[in-house]
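Undergrad: pasting the sequence and the predicted coordinates here, then a few questions.
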Amino acid sequence: MSRSRRRRRRGVYISPFLLLAAGLILAALAGYLIWNGLHPGGGGNDIPAGSFQPGTPSGSDEPRKEHVTTDSGIACTLTDLGEDAVYTGDLVLVSNAVPYHFPDQQDLVSIYENKTSSYYVRDMEVLLCPVPLEALNHMMDDFIAQGGSKTVNVVAGHRTREFQQHLFEQSSDQNGLDHAKEFVAQPGGSEHHTGLVIDLYLYFSNGTSGDYDGTGEYAWINSHCQEYGYVVRYAGDKQSLTGIADEPWHFRYVGVPHATEMVEKGMCLEEYIDYLRQFPFDGDHLTIEAGGKKYEVWYDAGSEVYLPDSGNYTVSGNNVDGVIVTCEVS
Ligand SMILES: [Zn+2]
């Protein structure tokens, strides 16, 4: 009893020097606030004309400015993209926890009809979005060019909700519901729904096949895929975040700048979507250098976002709460 009382007394002891220092800081702060109140705009005078003028931070009731120029000189206009913008694009996070919002129409093409001769595809039914397919062609052509063998077989691409339902029920019938829940995404929760994902398998000229594990000659693909816009989506050491065990055969397209940044930072998509929120339009922007190009990236909550007036840029929702703008600056 007496011991705890003594500890409490010791806890409230404050050095007179600390009190003096705190007093001085408070006085300085009060002076600064009064000065700024008397001189509106004071403190902002060191910002050169034409540079970044912050819009309204989220949470404020004041309307945001319609036109704003970023620090690096990108003229932008506030644009309402509509709610669907949050749920579409190369950066959408899809999992059992964050289900896919199925659009009315998806731009999908047959890999079989559009691929190069550097790899195989299971059949004519394997579909992918056009941009990831072009990136896959480049990646596999370069894999062969640097000495790889023609043995890679794309066995899965886009999946409909119905097909994922079938896979889930099949796994549940064969191995039980618990096993299915652990190893198979639920309908709506597979990122294969996006058309941005491929699963690789091996097919050998003697007619045999095998699992793709990303080792041996295939380590080239797993360590270079970001240069083509792909990431190895499910790594064993991220299972607690992704909910999915190690899958060295499952590749997700996110575009070259973001794939490069994700690999550099060692982040899975769950972490990366969080990380991008640190770069709101009204704050510092993220700069990414990838593939000999430089990109300026920002995040805007909701679907009312600042878009560049010109130049090359892409827009993607995160499938959670906002939109990411990726702008090529050189
Ligand atoms: Zn997969």
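TA: Received, thanks.
Undergrad: the residue of the stretch 51-200 of the chain found nearest the ion: which element?
TA: Closest to the ion within the stretch 51-200 of the chain is residue 199: 4.0 Å, counting by Cβ to the ion. C-betas here are computed from N, CA, C, even on glycine. For residue 199, the host element (DSSP states H and E) is strand 197-203.
Undergrad: which other residues reach that strand?
TA: Strand 197-203 is contacted from outside by 120, 122, 128, 132, 136, 151-158, 191-192, 209-212, 221, 233, 249-253, using Cβ atoms under 8 Å, 6 or more residues apart in numbering.
Undergrad: of these, grab the buried ones for ChimeraX.
TA: Those of the contacts of strand 197-203 that count as buried under 16 or more other Cβ atoms under 10 Å are selected in ChimeraX with:
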select :120,122,128,132,136,151,152,153,154,155,156,157,158,191,192,212,221,233,249,250,251,252,253
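Undergrad: so which of the contacts of strand 197-203 belong to helices?
TA: Among the contacts of strand 197-203, the members falling in helices are 132, 136, 221 (criterion: DSSP state H).
Undergrad: look up how far residue 168 lies from the nearest residue to the first one once chain neighbours are set aside.
TA: Yep, that's residue 132 we're talking about. Spatial nearest neighbour of residue 132, chain neighbours left out: residue 253 (3.7 Å); criterion: Cβ to Cβ, 6 or more residues apart in numbering. Applying Cβ to Cβ, to the nearest Å, the value for residue 253 to residue 168 is 24 Å.
Undergrad: go on, residue 107?
TA: Applying Cβ to Cβ, the value for residue 107 to residue 168 is 26 Å.
Undergrad: neighbour count: those two, which is higher?
TA: Per other Cβ atoms under 10 Å, whichever of residue 107 and residue 168 has more neighbours is residue 168, with 20 against 11.
Undergrad: name the SS class of the more buried one, please.
TA: Put simply, residue 168 is helix when judged by DSSP: H, G, I helix; E, B strand; the rest coil.
Undergrad: how many neighbours does the nearest residue to it once chain neighbours are set aside have?
TA: Once flanking residues are discounted, residue 168 sits nearest to residue 184: 5.0 Å by Cβ to Cβ, 6+ apart. Neighbours of residue 184 under the rule other Cβ under 10 Å: 20.
Undergrad: for the lengthiest strand in the chain, which positions count as buried?
TA: In the chain, taking DSSP state E as the definition, the longest strand is strand 293-301. By neighbour count on 16+ other Cβ under 10 Å, the buried set for strand 293-301 is 295-301.
Undergrad: give the contact list for the residue in the stretch 201-330 of the chain positioned nearest to the ion.
TA: Nearest residue of the stretch 201-330 of the chain to the ion (Cβ to the ion) works out as residue 250 at 3.7 Å. When contacts are counted by Cβ under 8 Å, 6+ apart, residue 250 touches 197-199, 232-234.
Undergrad: turn the residues you listed into JSON lines, columns for pLDDT.
TA: Shown next, in JSON lines, are the contacts of residue 250 (pLDDT from 0 to 100):
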{"residue": "197", "pLDDT": "98"}
{"residue": "198", "pLDDT": "98"}
{"residue": "199", "pLDDT": "98"}
{"residue": "232", "pLDDT": "98"}
{"residue": "233", "pLDDT": "97"}
{"residue": "234", "pLDDT": "96"}
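Undergrad: give me the buried subset of those residues.
TA: Looks like the contacts of residue 250 have 197-199, 232-234 buried, using 16+ other Cβ under 10 Å.
Undergrad: coming back round to it: just the closest of the ones in helices among the contacts of strand 197-203 to residue 96, please.
TA: Nearest to residue 96 among the ones in helices among the contacts of strand 197-203: residue 132, at 22.5 Å, using Cβ to Cβ.
Undergrad: isn't residue 189 right next to residue 100, touching?
TA: Yes: counting by Cβ atoms under 8 Å, residue 189 does reach residue 100; the two are 7.4 Å apart.
Undergrad: where does the protein dip in pLDDT?
TA: Applying pLDDT under 70 to the chain flags the ranges 1-61.
Undergrad: and stretch 308-323, which residues are buried?
TA: Within stretch 308-323, the residues scored as buried using 16+ other Cβ under 10 Å are 308, 313-319, 322-323.
Undergrad: so which of these belong to strands?
TA: 308, 313-317, 322-323.
Undergrad: how about residue 179, secondary structure?
TA: Residue 179 ends up helix, using three-state DSSP.
Undergrad: which residue is the nearest non-sequential neighbour of it?
TA: Nearest non-adjacent residue to residue 179, counting by Cβ to Cβ, 6+ apart: residue 171, 6.6 Å away.
Undergrad: just checking, what packs against the helix or strand the one you found falls within?
TA: Using DSSP H and E, residue 171 sits in helix 161-175. Counting contacts by 3 or more Cβ pairs under 8 Å, 6 or more residues apart in numbering; DSSP states H and E, helix 161-175 packs against helix 177-183.
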